[in-house]
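Q: Have a look at this fold, sequence not included:
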């Protein structure tokens, strides 16, 4: 039995992971999966969460055992893995930061009433300045504290909504039926995008390894491997369950009622909030809106932090100039790139995000193999190596990732 004080010293990186995951992939993608396909994609969410788990866990395991991040481990394997990681990161960092911040601003606009295109863009710029400034000043410790509060508030709001739905389930206007996605290319693209960032992209396992190290540095006493893994498991499986909860809400309140989400971001966000508050009561609209804004804000903050950290670290590994090794520099670059995407490619933002998440899914098998290779390497402490069961689990995950990457590529070619 872990002592509460001892566990609390390790508690944090798992919540940051959940804060990153419970964003667009959950709030938007999972809800839309339920709203568009009912319960037909439950299997996709379960498979993605279960079979990706070992590779995220290996990030935490590696960081604790070696006190270095997965990026340092990739560097031990040569420069090619680092270059691959940089290419994947750059291909997604601007579109993903643009998407999460734009959804955040759209949620804010849905209750503020400032929903014009110009107003949304002004709010995006203000949000970028606040996030970058806050991270430069506060960095990890304040980020850790803020995300715990935000994530906890949103989980409470979500639990209340689900309990209300259980006691007041509306009758189905459309009867449940299972549909296949494999014969429809557009549906298959959605499924790949859904699984690509469910709970998030595997290459983000490096972020969790960095956060684990940062958390350890902030405490005088180093937590045990058991404690840091428990922290990660709590964050990971909470995010997995919540993904299914979002799908259920989308299915019950949209799909089976014969209604769909509007495509405009502000209108989509307003409908999303109404979806939740309708279950709790009209009085809860503001509370639900603040909770939803909070969880998207937490995702925006952790995404900026994660991209800036990995790019500053990899720049140093690749021998780039000293100013490119700065965390603040990469925060600024990420912000400028994200703003360019929003200002010039706003109408194609959804497609760009699908492209980014699809790239992450295609390279996921390679990242998964690298993570397994690191925790089974000779330099890795034997006592910290994963069990035989976890190794088999990882092999099954790699097979799953290769099969779906191949299925997607075959679909595109054919």
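A: Looks like it came in fine. If you're wondering where the values come from, they're calculated on a predicted model, not measured in any experiment.
Q: where in the stretch 151-300 of the chain is pLDDT low?
A: The stretch 151-300 of the chain contains residues with pLDDT under 70 at 151-158, 160-162, 164-185, 218-221, 263-269, 276-284, 287.
Q: all strands for it, in order.
A: Secondary structure of the stretch 151-300 of the chain (DSSP state E, counting those that start in this stretch): no strands present.
Q: Where do the helices of it begin and end?
A: For the stretch 151-300 of the chain, the helices defined by DSSP state H, counting those that start in this stretch occupy 185-196, 205-217, 225-253, 265-280, 285-317.
Q: Mind checking what helix or strand follows the last one in sequence?
A: So the one you mean is helix 285-317. helix 327-344 (DSSP states H and E).
Q: Tell me what angle that following helix forms with helix 285-317.
A: If you take axes from the mean of the first three to the mean of the last three Cα atoms, to 10 degrees, helix 327-344 sits at 120 degrees to helix 285-317.
Q: Residues in contact with helix 327-344: which ones?
A: Applying Cβ atoms under 8 Å, 6 or more residues apart in numbering, the external contacts of helix 327-344 come out as 93-95, 97-98, 101-102, 121, 124-125, 128, 131-132, 135-136, 139, 304, 307-309, 311-312, 315, 323-324, 349, 352. Bear in mind the C-beta positions are built from the backbone N, C-alpha and C, glycine included.
Q: Reduced to three states, what does residue 110 come out as?
A: Following DSSP: H, G, I helix; E, B strand; the rest coil, we place residue 110 in the helix state.
Q: And for it, nearest residue in space, chain neighbours not counted?
A: residue 270 (3.9 Å; Cβ to Cβ, 6 or more residues apart in numbering).
Q: Spit out the contact partners of residue 229.
A: 57, 60, 61, 64.
Q: Excluding residues flanking it in the chain, which one is nearest residue 369?
A: residue 398 (6.2 Å).
Q: Need the pLDDT of the one you found.
A: Looking at residue 398, its pLDDT stands at 94.
Q: I figured it hits residue 372, correct?
A: Yes - assessed by Cβ atoms under 8 Å, residue 398 is found in contact with residue 372 at 7.3 Å.
Q: distance of residue 114 from residue 123?
A: As judged by Cβ to Cβ, to the nearest Å, residue 114 and residue 123 stand 7 Å apart.
Q: If you count surrounding residues, which of those two has more?
A: The residue with more neighbours, out of residue 114 and residue 123, is residue 123; 20 against 15, by other Cβ atoms under 10 Å.
Q: returning to what we had before: between the helices of the stretch 151-300 of the chain, which one is nearest to residue 368?
A: Smallest distance to residue 368 across the helices of the stretch 151-300 of the chain (Cβ to Cβ): 8.9 Å, for helix 205-217.
Q: can you give me how far that closest one is from the chain middle?
A: Relative to its chain's centre, helix 205-217 lies at 16 Å (Cα atoms, centre = their mean, to the nearest Å).
Q: any idea of the angle that helix forms with helix 225-253?
A: Going by the same axes, to 10 degrees, helix 205-217 makes 130 degrees with helix 225-253.
Q: Report the buried residues of helix 205-217.
A: Across helix 205-217, burial judged by 16 or more other Cβ atoms under 10 Å covers 205, 206, 207, 208, 209, 210, 211, 212, 213, 214, 215, 216.
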